[in-house]
Structures are given as structure tokens and as C-alpha cells.
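# Next comes the sequence, and after it the predicted model I'd like to discuss.
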Amino acid sequence: MNLTLSQRLSVVFAILLLACCGASAWLQIRSNEWREEEVVQSLSKGLAQHIAHSTALMDEGGLKPDAVRRLFSQLMVVNPSVEVYLLDRDGRVIGDDAPAGHVKRERVDLDPIHRLLEGQPLPILDDDPRSVTGRKVFSAAPLSVDGRDQGYIYVVLLGEARDQVAARVAASSVLRTTLWFMALVALLGLLAGLFAFGLITRPLRRLTETVRHFDTDAEPAPPAPVTSVRPGPDVRDEIAVLDAAFGQMARRIGEQWRILMRQDQERRELVANISHDLRTPLASLHGYLETLSIKADTLSDAERQRYLAIALSQSRKVGQLAQSLFELARLEHGVVQPVIEQFSLVDLVQDVFQKFELSAEARQLRLSADLPQQAPRVMADLGMIERVLTNLIDNAIRHTPTGGNIDVEVRHRGDKVAVVVSDTGPGLPAELLENLFQRAFSFTFSGPRAGGGLGLLIVQRMLQLHHSDLRLISREGRGAVFCFELAAADTTAHRG
């Protein structure tokens, strides 16, 4: 049976409501019976005592049958609901006025009689001589002859005649009307409960509909909120909490989906850029090698050496690009982790400058460093930071026209040491600024600015391993200005 949650809740509620109504009706009927028995027994508790004192039912010769029958008949005429019996000292029925065959017990339990005579709380039930298993309220009193107990007067207060009348009344219109009223109340309660369930589960149904239409094949959008108020930490509405959790999950999935889409687009562009970067040097390398192979006998030694030099240059470009891609892949996948140590950033800048002195002089560029006299040492991976400075200065040298300047500044800023590398070149094209450090960034430039993009991406990944970032800042009169920060060693040691 394929039922919704609301339908299952409604069915369970209906069953529970009917069960509660039935139990309530049964308890009400039983409580009325218990109340009636207690009232009747309380009012008629002394009836048997009155009978025992007012009429001589036994003498020295034994039981007086005529007196017993006449008294019993008179009592049952006056009050048809009572049945009077005469018991001996062992509880056997020795006298009654019941029609033939109606007495089905020869003996009555005496323990309830003793409890009644002792005045214990009412109602007290005892055996009904006209029923095999029935028990009813009664009145009892000892019967004495010449001061000796000869038995008991035993009066069933709600006898067989009363049961017959009660059965007829139970089938009457009064009882049917009462039952109909109870059924009507149960029906109204059921309708009210179903309506309440509808109101309570409406937000859940709406959330279910939102989840059902959640598109996993396209870009997911956050669902319409079920509640207008964002639940706080003290909100106990489980549906509101579930809605907020689903909304948060949907937004997170949407964000992750957009990241995956962007990464996929970047991967496509990366493949396209690498293919373009590799195609040019490989085509040049193949062309010169093919020329050397075909015209080996006709080329002069000078031409042969020039062709080989060009082929080797193109081969080095391919090798450098492959090495950079391999290094970037290791950084992206966490294969390379920084080895943090304490060192002087001022000494490192001076060492890197020495590597570029000859290339800067060849291009007629001036290298200058603005270094503080007492700059704090930094905590970082020495090799990675050397690679960062090398890439930035190398890019600056390659992209700065003849006669330009390349400056490196080191500044102490609180618990950080900032490094700024700037040049007097033309700067970066505006269309590249937005995705400068993303995979989608084109790794090569045309003309004299060839290369640099992949190196910047490697620098950014290395700095991210140091919880830092490479930032491009704007400075009047300068070209490309890059800045990054490292943790100062004395601050780190103080924190530890």
C-alpha cells in the first residue's frame, strides 16, 4: 500500500482516535456500573440484617419453608431487582424462591460476606447463585436461633430481573442515541485531527516537493524557504531546522557545482593553452630537424649550427614547459609540502639579485632593493620562497623594456613581513587581471612578453601553502607590481 507520510499519519491517528473513543465508552459504562453497584450496596447494606431480625425463618426444628417462601415472594414483589437466599454456615444454598432450574450454584463464597460484615470498603462482589461465573453486589447478615448462628441471609441486590431490564434498555433508542452522539464526536475529532495534520505537514510537503524537483543534472538552485524566519539555535521546530539544513546543503551543492563547472572550463582552456604553447616550439623544432635531415649535404657548417641552435632552443622551451606543468601538478595535488624554517629574507633577496645581475646588465636594466636594516627573520620554506622571488624577478626582467627599473621592497608590518616586486614595464593587459592566478589564465603572451603566466600560477600555489597570496596592486608610474606576505619569525616563536 503506497501511502504518503500524511496519509499514514492520518490512518494511525484515526485508528488511535477510534480506539480511544471505544476505550472511553467502555470505561464510562463500567464506571457507571461500579458507581451504581456502590450506591445500591451502600443503601441496601442493612437489608439482610433487617430481614434476619424481623422474620422467624428457622426454629429449633429447622428451616420453615413456608415462611421462607412467603417472605422471599413478598420481598421480590416489592423490589424485583433483589433475590433472597438462605445459606447455611458453610455457604450452601438451603432456601430460595427462584423458579426451577434457575439456581446454578449450590454454594456461595463466604469470604466476601465476612469482608462486608467487617465493614471493608464498597463495592464488594460475591457469587451469584443464578450464574455459573457471575459476581454481584449483595447484602448479608448472620441468622441466629437461640443465640446460635445457623447460617446467613444472603440478598443479591441486582438480580436476574434487573439484568433483563438493563439488557432491554441497552437496546433502546436512548442507548443508540448516546452511541450516535459518541460516534459524531469521534467523527468531528477525526476531521479536526486531519485538518490539523494537514496544517502541520504542509511545510513538510512543500519541502518534499522542493527536494523532489531538485535537479541533479543541471546547476542546482537554492529551494524556496519553507519558513520566512531563519531558525536560530534555540528553535525546536524540526521542519524549520530541516528546511534550513536543506537550503544550506542546496547552496553548498550549487557552489560546488559552479566550482566544478569553472574548473572544468579551466581544464579545457588549460589543455587548449598547453596545446598551443607546445605546438609552436614543436613545429619549429620539427621543421628545423627536417631541414637538417633533407638538406644535410647542401648546408654550410654555419647554417647547420644555426639550425641546431634554434632546434635546441625550441627543445629547451618544451622541456621548461613540461617541467613547469609537472611542478604545478605536484603543487595542486599536495605532493609537495613546505619545510618551514627560520631564515633572513634580506639575505635571500640579495642572493637572488646576484643570479640576475648579468641578465639585467645585458638588457640595460637596473635592479634595486629597499631593505630595512633590522628586518625580522621569517618562517617559511627557503627553497619555495627563493623560487617565488626568482620567478617574479625573472618575469619583471623579461617584461621590462631596455633602460627600465626593477625594485624589490621588504617591509615589516606587525606579525608579517611584506615583499613588493615592481617594474617599469607596460603592466598586464586589463583582460587578464580578473583571472590572473586561475587555470583559465593564458600562460603565454604574444610578442616580447612570451611566458610568465604559468610561473605566476606556480608562485601563487607555493604562497598558498604558506597561507599567503600573491596580489597585484596598482601603483602610479609603475608597471606590474606584485606583493605577498610571510609570517615573521619572532611573532611565530612568541605564539608557540
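Everything's here; your move. Quick caveat: nothing in here was measured; it's all calculated off a predicted structure. Numbers count the residues shown, from 1 in each chain.
# tell me the contacts of Trp34?
Applying CB atoms under 8 Å, 6 or more residues apart in numbering, one finds that Trp34 lies in contact with Pro123. Where C-beta positions appear, they are placed from N, C-alpha and C, glycine not excepted.
# That one and Leu27, how far apart?
According to CB to CB, to the nearest Å, Trp34 stands 10 Å off from Leu27.
# Please apply the same query to Ser368.
Between Ser368 and Leu27 the computed distance is 100 Å (CB to CB).
# what's the answer for Phe484, then?
82 Å.
# what's the answer for Phe353, then?
Going from Phe353 to Leu27 by CB to CB gives 99 Å.
# Phe484 and Leu27: which is more packed in?
Shown here are Phe484 and Leu27; by other CB atoms under 10 Å, Phe484 has more neighbours (23 against 10).
# Next, count neighbours for Pro112.
The burial count for Pro112: 18, using other CB under 10 Å.
# wait, it sits on Asp128?
No: with contact defined as CB atoms under 8 Å, Pro112 does not reach Asp128; the gap is 11.6 Å.
# What are the boundaries of the helices in this protein?
For the chain, the helices defined by DSSP state H cover 5-43, 47-54, 65-78, 111-117, 160-170, 173-212, 238-294, 301-332, 345-362, 382-399, 430-433, 453-465, 489-495.
# and the longest one, what other elements does it pack with?
Where contact means 3 or more CB pairs under 8 Å, 6 or more residues apart in numbering; DSSP states H and E, helix 238-294 is packed against helix 173-212, helix 301-332.
# ok so, going back, which one of the helices of the chain lies nearest to Ser474?
Shortest distance between Ser474 and the helices of the chain, using CB to CB, is found for helix 430-433: 9.9 Å.
# contacting residues around Val39?
By CB under 8 Å, 6+ apart, the contact set of Val39 is empty.
# and it, how far is that from Pro123?
To Pro123, Val39 is 9 Å away according to CB to CB.
# Please apply the same query to Leu16.
With CB to CB as the criterion, Leu16 and Pro123 are 32 Å apart.
# of the two, who's got more company?
Higher neighbour count among Leu16 and Pro123: Pro123, with 19 against 11, using other CB under 10 Å.
# I figured the more buried one hits Gln41, correct?
Yes: between Pro123 and Gln41 there is a contact under CB under 8 Å: 5.1 Å.
# any shared contact partners between these two?
Counting by CB under 8 Å, 6+ apart, the shared contacts of Pro123 and Gln41 are Val137.
# which residue packs closest to Leu328, ignoring adjacent ones?
Ile458 (5.5 Å; CB to CB, 6 or more residues apart in numbering).
# So what's the residue count around the one you found?
21.
# now do Leu125
For Leu125, using other CB under 10 Å, the count is 15.
# beta partners for it?
Note on Leu125: beta-bridge partners by DSSP bridges are Val137.
# same thing with Leu367?
Beta-bridge partners recorded for Leu367 (DSSP bridges): Ile406.
# Against Phe353, how distant is it?
Computed as CB to CB, the Leu367 to Phe353 distance reads 5 Å.
# who touches both of the two?
Joint contacts of Leu367 and Phe353 (CB under 8 Å, 6+ apart) are Ile393, Val408.
# quick one on the thing from earlier: identify whichever of the helices of the chain lies nearest to Val93.
Using CB to CB, the helices of the chain put helix 65-78 closest to Val93, at 11.5 Å.
# need the contact list for Val103.
Per CB under 8 Å, 6+ apart, neighbours of Val103: Val93, Asp96, Pro129, Arg130.
# again, only this time at 10 Å
By CB atoms under 10 Å, 6 or more residues apart in numbering, the residues touching Val103 are Glu83, Tyr85, Val93, Asp96, Pro129, Arg130, Ser131.
# Now do the phi/psi pair for it.
The phi and psi torsions at Val103 (degrees, to the nearest 10) take the values phi -80, psi 120.
# who's the closest residue to Arg475 other than its chain neighbours bridged to?
Spatially, and ignoring its direct neighbours in sequence, Arg475 is nearest to Val481 (4.7 Å; CB to CB, 6+ apart). For Val481, the beta-bridge partners are Ser422, Ile473 (DSSP bridges).
# looking at it, Val481 is touching Val420, isn't it?
Yes: here Val481 reaches Val420: they are 6.5 Å apart, a contact under CB atoms under 10 Å.
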